[in-house]
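# 3D model of this:
(2 chains)
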Protein chains: 2
Amino acid sequence: MRAGALSPATSDLLGSIGETCLAFLREMDRRPLLSQITGKTFFSFRTAAVNSTRPVNEALFQDGELVARLMTAAKQRRLNADLSTTEITTACYTLAIGFACVVDVINPGDRQTPGTFFEYLIKHLIATTAESEPTERVAVRVGDTTIRLTLDMILAPIEGTTRFHVAIKTSTRERASEFWAHQRILDHAFGEHAYLGMFIGLGETKLDHKRYAVVEICVPDQWRLYQAHIATIHRIYYLDPPHAYMQLNQAKPPLSVQPFGAYFSESPLF
Amino acid sequence: MRAGALSPATSDLLGSIGETCLAFLREMDRRPLLSQITGKTFFSFRTAAVNSTRPVNEALFQDGELVARLMTAAKQRRLNADLSTTEITTACYTLAIGFACVVDVINPGDRQTPGTFFEYLIKHLIATTAESEPTERVAVRVGDTTIRLTLDMILAPIEGTTRFHVAIKTSTRERASEFWAHQRILDHAFGEHAYLGMFIGLGETKLDHKRYAVVEICVPDQWRLYQAHIATIHRIYYLDPPHAYMQLNQAKPPLSVQPFGAYFSESPLF
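Residues are numbered from 1 along each chain as shown, chains lettered A, B, ... in the order given. As a prediction, the model looks like this:
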């Protein structure tokens, strides 16, 4: 990300990676998977050497012009004008899961590369929309010294107004308490409304490789505990939002969980 | 641990596992390792099939009567009377690292089994000393519902007095924020002094398998951040305390980091 999350060159690069990945996957066989998630259908890619990539949500994977339109709109800073919120979610999902499946084929077991790509993609889209270069470090006072806290993304679009703490992970597994803990540090060190916390995830699906069955691993009760007793996370966005987390919109304390595209229509309301 | 952390049968079982592991390791070749930690010397075990187990701190590994004495004293609830604090630390280290090295030989890559064994050992010694059966769950109110938070160990030795929240991990790696986050939940839900937080670890050494070199992976500045801005952890104990964490005894905010044996002399002071 040394070229800068805001750079138009980053739109071009992400767009051509998308094109390459989709072309690569177009040649692969698809394996239908047994979905254990109501209302979602999944497949994966298979090759002679690799039995199955990670699961792909069929309704959200759209090979075609959509990814190119996303990156062109991002480059021209017209995301919101040129794509609907649903199209943004679908295009991002297609690009992120497509790249991850290519890595699953070329370098099985590599989880870091898809995670890094997902982070760059999300940062670029958010930074472009905010027209602000993100950072990753916050200087926090501890006694009479200053310690740097490294986070996925800090956005301070306008000097002197609310800043944003954005955690970006392909999935949370058992690690969700970390971003609530980071938010608690910011709230305690700078006051409760200095940084608004957001989390952006890809999905929480898991493939059982023996039965080729897909489940969603979610811990909604743990999240309610974190939201009630560690800190407040303002918004949670997913490319493929898990049912169990979407239901937290009706829970107490409220947790606002939305498809990622919603960010681009509601973000000015923050 | 279904037999109960307090059961004398658990002392016997841990003692005979220790005896078996030490006998098994006595037949193995030892590989000297390059220590990059001032004042500590390490070796590992090697076999025809396994180049190197995890590193063993030479000064803390005492094959002999010590492990048997530890478990006999635990069974008779005479830990503090029969062993010095240094002997307790050394005996626990020998037993925990010995078991882990046997797993490294028999089932390379298995990290869960040594972690579970370490947890059972520590729970048994602490529960025996407190003469109180530990639990793992706390019911926390969230709005008008109750959610169960699962922790490594909760100890409530005397009804109505301070309870203890004990996190037990062989090493923390990037996961230390979790036990500060759990402590924050308890502080926020029950008041700041309802549960005293403790962490008990084995060590933070890491072996570079190419150079057979041992380093300690520590993030003391992050821990200071957590202690200042998430919650207060009352005590941290290690079987092989890392230098960088021992120095936190002099830091602000203070973090009390001690060899594990110290627990048995200072615990009545809590």
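
# what sits against the closest residue to chain B within the stretch 101-250 of chain A?
Nearest to chain B in the stretch 101-250 of chain A, going by CB to the nearest CB, is residue A:143, at a distance of 3.5 Å. Bear in mind the C-beta positions are built from the backbone N, C-alpha and C, glycine included. Shown in contact with residue A:143 (CB atoms under 8 Å, 6 or more residues apart in numbering or on different chains): B:224, B:228, B:251-253.

# rerun at 7 Å
Applying CB atoms under 7 Å, 6 or more residues apart in numbering or on different chains, we find residue A:143 in contact with B:252-253.

# again, but for the one 5 residues further on
When the contact criterion is CB under 7 Å, 6+ apart, the partners of residue A:148 are A:137, A:139.

# would you say it is within a strand?
Yes: according to DSSP: H, G, I helix; E, B strand; the rest coil, residue A:148 belongs to a strand.

# who's it bridged to?
Residue A:148 has the following beta-bridge partners by DSSP bridges: residue A:139.

# Distance check, it against residue A:117.
25 Å (CB to CB, to the nearest Å).

# And for residue A:24?
For residue A:24, the distance to residue A:117 - CB to CB - is 14 Å.

# Kindly report the same for residue A:227.
29 Å.

# In chain A, what residue spans correspond to strands?
In order along the chain, chain A carries the following strands (DSSP state E): A:29-32, A:34-35, A:42-46, A:56-57, A:135-142, A:145-155, A:163-169, A:195-201, A:205-208, A:213-216, A:235-238, A:257-259.

# a markdown table for those, including mean pLDDT?
Listed next are the strands of chain A as a markdown table, based on pLDDT from 0 to 100:
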| stretch | mean pLDDT |
| --- | --- |
| strand A:29-32 | 97 |
| strand A:34-35 | 98 |
| strand A:42-46 | 98 |
| strand A:56-57 | 98 |
| strand A:135-142 | 95 |
| strand A:145-155 | 95 |
| strand A:163-169 | 95 |
| strand A:195-201 | 96 |
| strand A:205-208 | 96 |
| strand A:213-216 | 97 |
| strand A:235-238 | 97 |
| strand A:257-259 | 97 |
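
# Can you say which of those strands is nearest to residue B:178?
strand A:163-169 (14.7 Å; CB to CB).

# Up against chain B, what does the stretch 1-150 of chain A have?
A:140, A:142-143, A:147, A:149 (CB under 7 Å from any CB of the partner chain).

# Grab the two from these that are most spread out in space.
Pairwise over those, using CB to CB, the maximum falls at A:143 and A:149, 15.0 Å.

# Rebuild the strands of chain A as CSV, extending it with distance to residue B:220.
Shown next, in CSV, are these (distance: least, CB to CB, whole Å):
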stretch, distance to residue B:220
strand A:29-32, 48
strand A:34-35, 46
strand A:42-46, 43
strand A:56-57, 42
strand A:135-142, 11
strand A:145-155, 10
strand A:163-169, 23
strand A:195-201, 24
strand A:205-208, 35
strand A:213-216, 38
strand A:235-238, 31
strand A:257-259, 36
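
# out of those strands, which comes closest to residue B:213?
strand A:145-155 (25.9 Å).

# quick one, helices of chain A?
Counting by DSSP state H, the segments of chain A that form helices are A:8-26, A:66-75, A:79-82, A:85-106, A:112-130, A:177-190, A:220-229, A:243-246, A:262-266.

# JSON lines for the ones you listed, including distance to residue A:46?
Converted to JSON lines, these look like this (distance: least, CB to CB, whole Å):
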{"stretch": "helix A:8-26", "distance to residue A:46": "11"}
{"stretch": "helix A:66-75", "distance to residue A:46": "22"}
{"stretch": "helix A:79-82", "distance to residue A:46": "34"}
{"stretch": "helix A:85-106", "distance to residue A:46": "9"}
{"stretch": "helix A:112-130", "distance to residue A:46": "18"}
{"stretch": "helix A:177-190", "distance to residue A:46": "34"}
{"stretch": "helix A:220-229", "distance to residue A:46": "32"}
{"stretch": "helix A:243-246", "distance to residue A:46": "27"}
{"stretch": "helix A:262-266", "distance to residue A:46": "33"}
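
# Kindly reformat these as a markdown table and extend each row with mean neighbour count and mean pLDDT.
Below are the helices of chain A laid out as a markdown table (neighbours: other CB atoms under 10 Å in any protein chain shown; pLDDT from 0 to 100):
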| stretch | mean neighbour count | mean pLDDT |
| --- | --- | --- |
| helix A:8-26 | 17 | 94 |
| helix A:66-75 | 21 | 95 |
| helix A:79-82 | 16 | 91 |
| helix A:85-106 | 22 | 97 |
| helix A:112-130 | 20 | 94 |
| helix A:177-190 | 23 | 97 |
| helix A:220-229 | 22 | 96 |
| helix A:243-246 | 18 | 96 |
| helix A:262-266 | 17 | 91 |
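
# of all the ones you listed, which lies closest to residue B:44?
helix A:112-130 (27.1 Å).

# any idea of the angle the closest one forms with helix A:66-75?
50 degrees (axes from the mean of the first three to the mean of the last three CA atoms, to 10 degrees).

# just checking, what packs against helix A:112-130?
helix A:8-26, helix A:66-75, helix A:85-106, strand A:145-155, strand A:163-169 (3 or more CB pairs under 7 Å, 6 or more residues apart in numbering or on different chains; DSSP states H and E).

# out of those, which comes closest to residue B:264?
Nearest of the helices and strands packed on helix A:112-130 (CB to CB): strand A:145-155, 33.1 Å.

# buried ones in the closest one?
By neighbour count with 16 or more other CB atoms under 10 Å in any protein chain shown, strand A:145-155 contains the buried residues A:147, A:149, A:151-155.

# would a markdown table of the helices and strands packed on helix A:112-130 with distance to residue A:38 be doable?
Listed next are the helices and strands packed on helix A:112-130 as a markdown table, based on distance: least, CB to CB, whole Å:
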| stretch | distance to residue A:38 |
| --- | --- |
| helix A:8-26 | 27 |
| helix A:66-75 | 26 |
| helix A:85-106 | 19 |
| strand A:145-155 | 31 |
| strand A:163-169 | 24 |
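
# Mind checking these for the one nearest to residue B:86?
That would be strand A:145-155 among these, by CB to CB, at 32.9 Å.

# what are the C-alpha coordinates of that closest one, in PDB please?
The C-alpha trace of strand A:145-155 is given here as PDB (Å, rounded to 0.1, in the frame of the first residue of the first chain):
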ATOM      1  CA  THR A 145       5.600   8.000  27.800                       C
ATOM      2  CA  THR A 146       3.900   7.700  24.500                       C
ATOM      3  CA  ILE A 147       3.200   4.200  23.000                       C
ATOM      4  CA  ARG A 148       2.200   3.600  19.400                       C
ATOM      5  CA  LEU A 149      -0.800   1.400  18.900                       C
ATOM      6  CA  THR A 150      -1.000  -0.200  15.500                       C
ATOM      7  CA  LEU A 151      -4.500  -0.700  14.100                       C
ATOM      8  CA  ASP A 152      -5.700  -1.800  10.600                       C
ATOM      9  CA  MET A 153      -6.900   1.700   9.600                       C
ATOM     10  CA  ILE A 154      -7.400   5.100  11.100                       C
ATOM     11  CA  LEU A 155      -9.200   7.700   9.100                       C
END
